Each structure stands twice: as structure tokens, then as C-alpha cells.
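1. have a look; sequence and predicted model below, questions after that.
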Amino acid sequence: MSDKYQVKETLDCKGLYCPMPIVKMKKALKGMAEGEIVKILATDPGSKRDFEAFCRKTGNKLIESSEEDGVFTYVVEKVGA
Amino acid sequence: MSEKKKMAIIVHSGTLDKLYPVFMLATAGGAMDVEAHLFFTFWGLDALKKGGLDSAKLPGVMRVGTGMMKGRIKDANVPTLPALLDMCNELGNIKIYACSTTMELMKVKEEELIPEVDDIVGAAAFLDIAMDADVQLFI
């Protein structure tokens, strides 16, 4: 599904609740260069709105947001330094 | 992105149920590049004493259920309050202030506070920050 992207890092946040998935993503983005991509797997149903809000506020790009069998997948491209 | 957003929270309560939302919002905000300023006053100051976060209880008669609540928190994989404090440190954009008047009222000395406290300030200093903040909360 995400094979069309060059994913730099995949974070397994299944079973973690707010605010852990976005805190973990923030940490991952910190160590990445602009244009690099991180993929997150999560099960927290609140994570969909959280990731949308996170990307809107931080300027990073949410290039994919999907759900399959209760597992949410988010693909985020780092924008800016 | 545009200008950095800021959040200012007065932490008035030292009970577990109120400290959780404080630290959840601070870490979520910190991760979203929202600078969080936490001003601990009155019972909130207990949370800044060494071991304070770890010994926070549920309020009133519910305090007897604290152990059970902590068990649920653990089962749900939700971080402990001390772990959330560590996360605040790691994120680096969360500031922790102790209220100077409360310290005098409660006879709390600076050396009794955890080292994560950034500063001991008064109401004017907090207002100075809060007036420029995009989110202001009293918890």
C-alpha cells in the first residue's frame, strides 16, 4: 500500500493511546531530513483527528491516512527543518 | 510554519485525575510545536515536590480507588505521570513554574522541588506569558 513511498522509518504505535503516537512521531521527525517519510501504525481511534491536527499545525504533510481491520496507517512527509 | 503557538495552564489541583490532562495536553502540545507553560499553584505545587507526581491520588473519597486507577492506566499502556514529565523534558518546549506565594504558604523550600522546575515565579510573570498565549486553561 505504502510501497510507492520511500519510508525512512515505521513506528508501531498499536495499543498506544493519546498523546503517545504523536509524541513518538515528533521524535522520529526530529531525526529526519526534509522530504523523508515516516509511517505510523496505530489503533487509537482518536489518532485520525490527532494526526490531521498535528500535520495541519506543524506544517508536515499527511500523505496517507487509512484504516484496515482497526489498524490505522498514517504516512507523513517531513516539511521544514 | 507561522509564529510559534503558546499554551498557558494554571495547575491548581494536585490530584491524579487533574494532573493527567495537564501532562497529556502539555506533551501533545509540545509535540505539535506548541510551547506549553505550566504554572503550579496551591495543591498543584504538591506535584512538583520530589516524589509528588508518583504519589498523586484521586480526589476525596475516591482516593481509596487510586491503586485500581493506576492499574487501569498501566493496562491501557498509558504512561505514568513521572514518565510524562520525562517526555516533557525530552520535547524541550514545556516550561514548569512553581508559584512563589504558594511556596511561602505551604512552607515549601526550593530544594524540596524536583529539578525539572524551570523557575519560581509570581502571578505577574504568569500573566505576562498567558496574555501572549493562544490557549489558557485552569485545571
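-> The structure has been received and is ready for your questions.
2. could you pull up the mean pLDDT of the longest helix anywhere in chain B?
-> Ranked by number of residues, the top helix in chain B under DSSP state H is helix B:16-31. Averaging pLDDT along helix B:16-31 yields 97.
3. so which elements touch the helix or strand following that helix?
-> With elements assigned by DSSP states H and E, the helix or strand that comes after helix B:16-31 is strand B:34-40. Under the contact definition 3 or more C-beta pairs under 8 Å, 6 or more residues apart in numbering or on different chains; DSSP states H and E, strand B:34-40 sits against strand B:5-11, helix B:16-31, strand B:94-99, helix B:123-130. Just so you know, the C-beta spots here come from the backbone N, C-alpha and C atoms, and that holds for glycine as well.
4. re earlier: can I get the CA coordinates of the longest helix of chain B in CSV?
-> What follows is helix B:16-31, C-alpha atoms only, in CSV (Å, rounded to 0.1, in the frame of the first residue of the first chain):
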residue,chain,number,x,y,z
LEU,B,16,-4.2,12.3,39.7
ASP,B,17,-7.3,12.9,37.7
LYS,B,18,-6.4,16.6,37.1
LEU,B,19,-2.7,16.1,36.6
TYR,B,20,-3.2,13.7,33.8
PRO,B,21,-5.0,16.1,31.5
VAL,B,22,-2.3,18.7,32.3
PHE,B,23,0.5,16.4,31.2
MET,B,24,-1.4,14.9,28.3
LEU,B,25,-2.1,18.4,26.9
ALA,B,26,1.5,19.6,27.6
THR,B,27,3.1,16.6,25.8
ALA,B,28,0.6,16.6,22.9
GLY,B,29,1.1,20.4,22.6
GLY,B,30,4.9,20.1,22.9
ALA,B,31,4.9,17.5,20.1
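5. get me the contact residues on chain B for chain A.
-> B:1, B:5, B:24, B:27-28, B:30-34, B:76-79, B:87, B:90-91 (C-beta under 8 Å from any C-beta of the partner chain).
6. what subset of those is buried?
-> Applying 16 or more other C-beta atoms under 10 Å in any protein chain shown to the residues of chain B next to chain A, the neighbour count classes B:5, B:24, B:27-28, B:30-34, B:78-79, B:87, B:91 as buried.
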